[in-house]
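Q: got a predicted structure plus its sequence, pasted below:
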Amino acid sequence: MDELLSVAEMYRADQLAIAAGVPGPALMEAAGAAVVRAVCERWAPHPTAVLCGPGNNGGDGFVIARLLLEAGWPVRLALLGTRSALTGDAAVAADRWPGPIEAADPYILKGNPLVIDALFGAGLSRPLEGHARAIVEAMEGRTVVAVDVPSGLHGDSGRVLGAAPQAALTVTFFRRKPGHVLLPGRTLCGEVVVADIGIPERVLDGIAPQTAVNEPSLWRHRFPWPALDGHKYARGHAVVLGGARMTGAARLASVAALRAGAGLVTIACPPAAFPVYAAGCASVIVDPLEEDGAFARLLQDQRKNAVLIGPGAGRGAQTRAAVMAALDARKACVLDADALTSFADSADELLDRLDKRCVLTPHEGEFARLFGDSVGMDGDKLSRVRAAAARSGAVVVLKGADTAVAAPDGRAVVNINAPPDLATAGTGDVLAGIVLGLLAQGMDGFEAACTAVWLHGEAGRALGPGLISDDLAGALPGVLKALKAQD
Ligand SMILES: NC(=O)C1=CN([C@@H]2O[C@H](COP(=O)(O)OP(=O)(O)OC[C@H]3O[C@@H](n4cnc5c(N)ncnc54)[C@H](OP(=O)(O)O)[C@@H]3O)[C@@H](O)[C@H]2O)[C@@H](O)CC1
Ligand SMILES: Nc1ncnc2c1ncn2[C@@H]1O[C@H](COP(=O)(O)OP(=O)(O)O)[C@@H](O)[C@H]1O
Ligand SMILES: [K+]
């Protein structure tokens, strides 16, 4: 499992490692050596400036400068702050640096195309300004290797505090932090190398991290592959509420639910739209809702076990009533798009009714409408999606280029396999359909959501540039086949 450690958890890992007998200076020496190894694997020796900050990130910088010098690299080292202010392991590392310590002014970058950025790491406590900001801004256009994180990037949020350089390479230690995978952090880090610096794996037992990169090892063992003797009802019967006008959305979702493995998929739609839906995918059942209450009656069929409401549903009382009917019928639910926006003025009415068998799939705009009052929009993506899951009791998928998924019990993942080609109309409908298909097959909400987001990203990658949402479901068999081959 690819855990993501918060900054506080990383400090805890350091402490636990030290308590387990690994000396602090050994960790710093290993950290510096790991950066030098990564640098020497990628570049031939050339003039390098090592910029050291006032804490242990700077201490790593002193180790790096010494090891590069020993490897025959032309190195200059500059310190932000004074030598006498260094303490602890950083002071020890500075003592071992045999060269001059220059002042950290932008001029030191002249003639040094490679810059080792060891100004600030986990200890970043406020936005960069003044001198620190000027030197970070002066790195622009150079090849930057960031130690732990590009200085100014916050390890928990992925946000830039003041300024941060664009790194070509970031070497971090033991585990990635959320800031390495959330945007804009992921972009600013460039290539990320995670180095083993001698922290024993078992320290994680004492930390119990709740955040991870979304990858198959989290949920592959629960994937509902069809049983040899299975029949279609054993694979669930999913229902998609179809709208009157935007019919494409429900059609995209229904095909995706089938491709994700649901045994049957029914689109329940207004009678006037029946011909449009009926002319769509032949594998999908279409059921016109002839009279008031027909949707609730349709859901009385116990075999219909999972419901998607939202894509193309239309905003307003009818959609709200359909959501309540699905919740009353205690179906596993995916609520997307209009099903979320319809509760913009009465969010609590919805949020008070949900549980962990419900998966909400908002993009940022829908999230703001539903959770703007309860959670707010100021926090970083991971904190907000977690707070939203805790508030609603449901699984929340906050979509975007760095989609994050959270369960009400505090678990969360960040997804990193989705290409920007997915930023095209209707791909969210497909995602909602994949979640639905997995829920229908009995996966739990959090695992279904994580699995769906990953499958969706892989399908996007398989298709690449030029993809449209119609293509995505068709790419799922290839993605699923590759996933199954790894079992
Ligand atoms: N622990 C270990 O065993 C290991 C740790 N390792 C390394 O240690 C790093 C963490 O070290 P760290 O905790 O000393 O914090 P660090 O990032 O150097 O910054 C703190 C200093 O910066 C200052 N400062 C902060 N923000 C500022 C701003 N905006 N503008 C100006 N100043 C600002 C802050 O000042 P203060 O907030 O106290 O005023 C303080 O002086 C970690 O990223 C990894 O590289 C590895 O060697 C592996 C083993
Ligand atoms: N830049 C991007 N990189 C990767 N995935 C993206 C990007 N932009 C959007 N997506 C994904 O595309 C989908 C868009 O969903 P949504 O905004 O609901 O669109 P629609 O309503 O048109 O279906 C989401 O799964 C989102 O995560
Ligand atoms: K740094």
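A: Looks like it arrived, so ask away. Ligands and ions are numbered 1, 2, ... in the order given.

Q: check the separation of the first and last residues in stretch 399-413.
A: Terminal residues of stretch 399-413 are spaced 12 Å apart (CA to CA, to the nearest Å).

Q: beta partners for Ala404?
A: Leu398, Val414 (DSSP bridges).

Q: Val414 is in contact with that one, correct?
A: Yes. Contact criterion CB atoms under 8 Å: Ala404 and Val414 qualify, at 5.1 Å. Any C-beta I mention is one placed from the backbone N, CA and C, and that applies to glycine too.

Q: find residues that contact each of those two.
A: Residues touching both Ala404 and Val414 by CB atoms under 8 Å, 6 or more residues apart in numbering: 182, 381-382.

Q: let's have these in JSON lines, adding pLDDT.
A: Below are the shared contacts of Ala404 and Val414 laid out as JSON lines (pLDDT from 0 to 100):
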{"residue": "Leu182", "pLDDT": "98"}
{"residue": "Lys381", "pLDDT": "97"}
{"residue": "Leu382", "pLDDT": "97"}
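
Q: show the buried residues in the residues you listed.
A: 182, 381-382 (16 or more other CB atoms under 10 Å).

Q: turn those into a markdown table, columns for distance to Gly99.
A: As requested, these are arranged in a markdown table below (distance: CB to CB, whole Å):
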| residue | distance to Gly99 |
| --- | --- |
| Leu182 | 37 |
| Lys381 | 42 |
| Leu382 | 41 |
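
Q: now, the residues you listed that are in strands?
A: Using DSSP state E, no member of those sits in strands.

Q: could I get those residues in JSON lines, plus columns for distance to ligand 1?
A: Shown next, in JSON lines, are these (distance: CB to the nearest ligand atom, whole Å):
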{"residue": "Leu182", "distance to ligand 1": "17"}
{"residue": "Lys381", "distance to ligand 1": "22"}
{"residue": "Leu382", "distance to ligand 1": "19"}
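
Q: next step: those residues restricted to helices.
A: In helices, defined here by DSSP state H, the members of those are 381-382.

Q: report the distance from stretch 170-185 to the chain centre.
A: Taking CA atoms, centre = their mean, to the nearest Å, one finds stretch 170-185 lying 11 Å from the centre of the chain it belongs to.

Q: end-to-end on that stretch?
A: This stretch, stretch 170-185, spans 11 Å end to end (CA to CA).

Q: can you check stretch 299-313 too?
A: Terminal-residue distance, stretch 299-313 (CA to CA): 17 Å.

Q: can you check stretch 385-405 too?
A: Distance across stretch 385-405, first residue to last, is 7 Å (CA to CA).

Q: tell me the mean pLDDT for it?
A: The average pLDDT for stretch 385-405 rounds to 98.

Q: with stretch 115-129 instead?
A: 97.

Q: tell me the buried residues in it?
A: Going by neighbour count (16+ other CB under 10 Å), the buried part of stretch 115-129 is 115-122, 124, 128.

Q: farthest-separated two in those?
A: Put simply, by CB to CB the two of these set farthest apart are Val115 and Ala122, 19.8 Å from each other.

Q: quick check: domain ranges of this structure?
A: For the chain, automatic domain parsing gives the domain ranges 7-209, 216-485.

Q: span of the shortest one from start to end?
A: Just to be clear, that refers to domain 7-209. Start-to-end, domain 7-209 (CA to CA) is 11 Å.

Q: many thanks, have a good one.
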